[in-house]
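In: Structure, please.
(2 chains)
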Amino acid sequence: MAIQELTRPLSDQRIDLPSLTTGVPVAAAAARSPYFVNRWVDAMLIGGLSIITWLGLQAFYTGADTKPLVTIALVLSLFVNFPHFSATVYRLYQSSEHTRQFPVTAWGLPFIIFGAVFACFWQPEAVAPYFLLLFFFWSPYHYSGQTVGITMVYARRCGFPIGRRERLALSAFVFAAFVSGATHMQENGLTDFYGMSIPILALPAWMGPAAEAVMGAGALAFAGFAVAWCRAQRRLLPPVVLLPAVAHFIWFVPGASLKSFLIVIPFFHSLQYLLIALVVQLKRRVDADGAERSWRRVRAEALRWGARNITGGVLLFIGLPLCFAWLPLPFLTIAGIIAAAVNVHHFFVDGVIWKLRDSSNSSALMINIAELGGGASAEPVRSRPIAA
Amino acid sequence: MPNIVAGLAPRELFLAAAIAAMVGSALISFFLAGRVSERTHVALAMLIALIGGFGLLTLLAPAGREIPIAGALTVLGLIGLFKLMNQFEIRRKSRR
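Out: Predicted structure coming up:
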């Protein structure tokens, strides 16, 4: 998710970004809840569940047989992974005003993506493996962008200002973790996708250690900024600010050597995304209708949005491949190529939908879901003060 | 003409198609001059970079499977391409 872009004011930005740009009063931000739902739900969805899963797999499931997990992951995909792709498509195409803002993304890009898909069908040996290689590297890069974005959202909510230096340190840590993980996966990780082989690059021996060195430097620098903030504020930084980066580290550094865990990483990425996308959608709908806020309305809108995205996800990942089932290729190959194409399309669409001239984008990233239900923000920042 | 096409390797055929797509995108940008915003022209230019980047990947990545430094350059090139595509169709600050 390109949420981090919302923290960067644009030259002709028409939307109101008071809470997310530079002029945020720290005290005002800190007076609100740092959570979208509450401490436990946010912590689990943003990264806690993935860390618990990794610990569980590490303790009880280190075997090479990943079939049971693949089955579980496929079932979960219907309700989490697939809808996460559908949610971006829905957000871009749900109004003509949105598509007019990004005409090339909305109408030009699908032709290019379909062109790549047809090239893969036409030359499954010469082109498809490299399209998968493109997706294989782009996917964790995209996850890294989301990690940085979500960290910045929670930092802002907690009153921890992220300037240029903090952002650089955080990005160095997160993107170097991705390079380290991708290097490791190329050596001995997941290299097949829907039964197709992803080409393995021969990488120099120094690449992994170099990425880890950058990652370590970034972690140290960011930790330094966090400690300096804690000393100045005389309180501890709420752990949720660091949770996305810690989870990301688990996904791509120790998790990269656990094949069973690699299968479920997309699920956790999608969970993070859906939490924030749901809040943005709810805020947009509640603001648009202008009616009285109530939990009943929140539930109804959430169910409607969820049902649409589950349907959309099934259409993208099952319906679309079925349209090409007549081709003289194994159905799994067709489904894999389409899945990679939907992913690549998502990376583009996700990059623009968070820049829509829509005030709900920015303001939604600062609210608590209780506010949409008509109540007050449930849980203001209550980080522990540091003893003098 | 059919003999020439038949003599091409699958990868060469794909590269020919990719070059045609790049020419097509450039022509669209040319014919839309003055009718669409600068941001749209930049986005079309980025599509050309994407198609060209993917063409290069299919052409050069096989070397990256054999030679470590070529593999490292492929990864760095991909990261550069992703970073560029991150700016796709966004409003940019004017440099005055």
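In: What segments of the stretch 101-250 of chain A are strands?
Out: A:192-193, A:196-197 (DSSP state E, counting those that start in this stretch).
In: Do any residues in the top helix by length along chain B lie close to chain A?
Out: Assignment by DSSP state H gives helix B:38-64 as the longest helix of chain B. Yes. Applying CB under 8 Å from any CB of the partner chain, one finds helix B:38-64 touching chain A at B:40, B:43-44, B:47, B:50-51, B:54, B:57-58, B:61-62, B:64. Bear in mind the C-beta positions are built from the backbone N, C-alpha and C, glycine included.
In: Make CSV from these and add neighbour count and pLDDT to it.
Out: Formatted as CSV, the residues of helix B:38-64 next to chain A follow (neighbours: other CB atoms under 10 Å in any protein chain shown; pLDDT from 0 to 100):
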residue, neighbour count, pLDDT
B:40, 18, 92
B:43, 24, 94
B:44, 21, 94
B:47, 25, 95
B:50, 23, 96
B:51, 22, 96
B:54, 24, 96
B:57, 22, 95
B:58, 23, 94
B:61, 20, 90
B:62, 18, 90
B:64, 23, 90
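In: Sort out which one of the residues you listed lies nearest residue A:332 for me.
Out: Ranked by distance to residue A:332 (CB to CB), those are led by residue B:58 at 21.9 Å.
In: show me the contacts for the closest one.
Out: Applying CB atoms under 8 Å, 6 or more residues apart in numbering or on different chains to residue B:58 gives the contacts A:126-127, A:130, B:11, B:14-15.
In: So which bits of the stretch 201-350 of chain A are right by chain B?
Out: Counting by CB under 8 Å from any CB, the stretch 201-350 of chain A sits next to chain B at A:201-205, A:207, A:347-348.
In: what pLDDT, on average, does stretch A:55-72 get?
Out: Averaged across stretch A:55-72, pLDDT comes to 83.
In: whoops, I mixed them up, stretch B:88-96
Out: 69.
In: Listing request: residues of the chain with sub-threshold pLDDT.
Out: Went with chain A since none was named. For chain A, the stretches flagged by pLDDT under 70 are A:1-32, A:188-191, A:289, A:291, A:356-362, A:375-388.
In: The intended chain is chain B.
Out: Ranges of chain B meeting pLDDT under 70: B:1-4, B:92-96.
In: nearest to chain B, of the strands of the stretch 101-250 of chain A?
Out: Closest of those to chain B is strand A:196-197, at 11.4 Å (criterion: CB to the nearest CB).
In: can you tell me if the closest one touches chain B.
Out: No. Counting by CB under 8 Å from any CB, chain B is not contacted by strand A:196-197; separation bottoms out at 11.4 Å.
In: neighbouring strands for that strand, and are they parallel or not?
Out: Take DSSP bridges as the rule and strand A:196-197 pairs in its sheet with strand A:192-193 (antiparallel).
In: contact partners of the strand it pairs with?
Out: With contact meaning CB under 8 Å, 6+ apart, strand A:192-193 is reached by A:132, A:135-136, A:198, A:336, A:339-340.
In: Put together a markdown table for those, with neighbour count on each row.
Out: Putting the contacts of strand A:192-193 into a markdown table (neighbours: other CB atoms under 10 Å in any protein chain shown) gives the following:
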| residue | neighbour count |
| --- | --- |
| A:132 | 22 |
| A:135 | 21 |
| A:136 | 24 |
| A:198 | 21 |
| A:336 | 23 |
| A:339 | 22 |
| A:340 | 27 |
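In: can you pick the most crowded of the residues of the stretch 201-350 of chain A next to chain B?
Out: Of all those, residue A:201 has the most neighbours under the rule other CB atoms under 10 Å in any protein chain shown, reaching 28 neighbours.
In: mind listing what it touches?
Out: A:133, A:186, B:61, B:64-65, B:71, B:74-75.
In: what about the helix or strand containing residue B:74, near chain A?
Out: Per DSSP states H and E, residue B:74 falls inside helix B:68-85. Yes. Shown here: helix B:68-85 in contact with chain A (CB under 8 Å from any CB) through B:68-72, B:74-75, B:78-79, B:82, B:85.
In: and residue A:141, how far is that from residue B:78?
Out: Per CB to CB, to the nearest Å, residue A:141 is found 8 Å from residue B:78.
In: go on, residue A:119?
Out: 18 Å.
In: Pull the contacting residues for residue A:85.
Out: A:312-313, A:316-317, A:342-343, A:346.
In: Skip the chain neighbours and tell me the closest residue to it.
Out: Counting by CB to CB, 6 or more residues apart in numbering or on different chains, residue A:85 lies nearest to residue A:346, which is 5.0 Å off, once chain neighbours are set aside.
In: and that neighbour, how many neighbours does it have?
Out: Neighbours of residue A:346 under the rule other CB under 10 Å: 22.
In: That one touches residue A:88, doesn't it?
Out: Yes. Shown here, residue A:346 and residue A:88 form a contact pair, counting by CB atoms under 8 Å, at 5.4 Å.
In: Make sure residue A:42 is indeed in a helix.
Out: Yes. With DSSP: H, G, I helix; E, B strand; the rest coil as the criterion, residue A:42 is part of a helix.
In: so it touches residue A:241, yeah?
Out: No. With contacts counted by CB under 8 Å, residue A:42 stays clear of residue A:241, the gap being 11.2 Å.
In: hey, C-alpha coordinates of stretch A:313-332 in PDB?
Out: In PDB, the C-alpha atoms belonging to stretch A:313-332 read as follows (Å, rounded to 0.1, in the frame of the first residue of the first chain):
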ATOM      1  CA  GLY A 313     -11.600 -11.500  -5.800                       C
ATOM      2  CA  VAL A 314     -13.200 -14.800  -7.000                       C
ATOM      3  CA  LEU A 315     -13.900 -13.100 -10.400                       C
ATOM      4  CA  LEU A 316     -10.300 -11.900 -10.700                       C
ATOM      5  CA  PHE A 317      -8.500 -15.100  -9.600                       C
ATOM      6  CA  ILE A 318     -11.000 -17.900 -10.700                       C
ATOM      7  CA  GLY A 319     -13.400 -16.300 -13.200                       C
ATOM      8  CA  LEU A 320     -10.800 -14.600 -15.300                       C
ATOM      9  CA  PRO A 321      -8.600 -17.700 -15.700                       C
ATOM     10  CA  LEU A 322     -11.700 -19.700 -16.600                       C
ATOM     11  CA  CYS A 323     -12.200 -17.300 -19.600                       C
ATOM     12  CA  PHE A 324      -8.900 -18.600 -21.000                       C
ATOM     13  CA  ALA A 325      -9.400 -22.300 -20.100                       C
ATOM     14  CA  TRP A 326      -9.800 -23.100 -23.800                       C
ATOM     15  CA  LEU A 327      -6.100 -22.300 -24.500                       C
ATOM     16  CA  PRO A 328      -3.800 -25.300 -25.100                       C
ATOM     17  CA  LEU A 329      -2.100 -24.700 -21.700                       C
ATOM     18  CA  PRO A 330      -2.500 -26.400 -18.300                       C
ATOM     19  CA  PHE A 331      -5.200 -24.500 -16.400                       C
ATOM     20  CA  LEU A 332      -2.700 -24.000 -13.500                       C
END
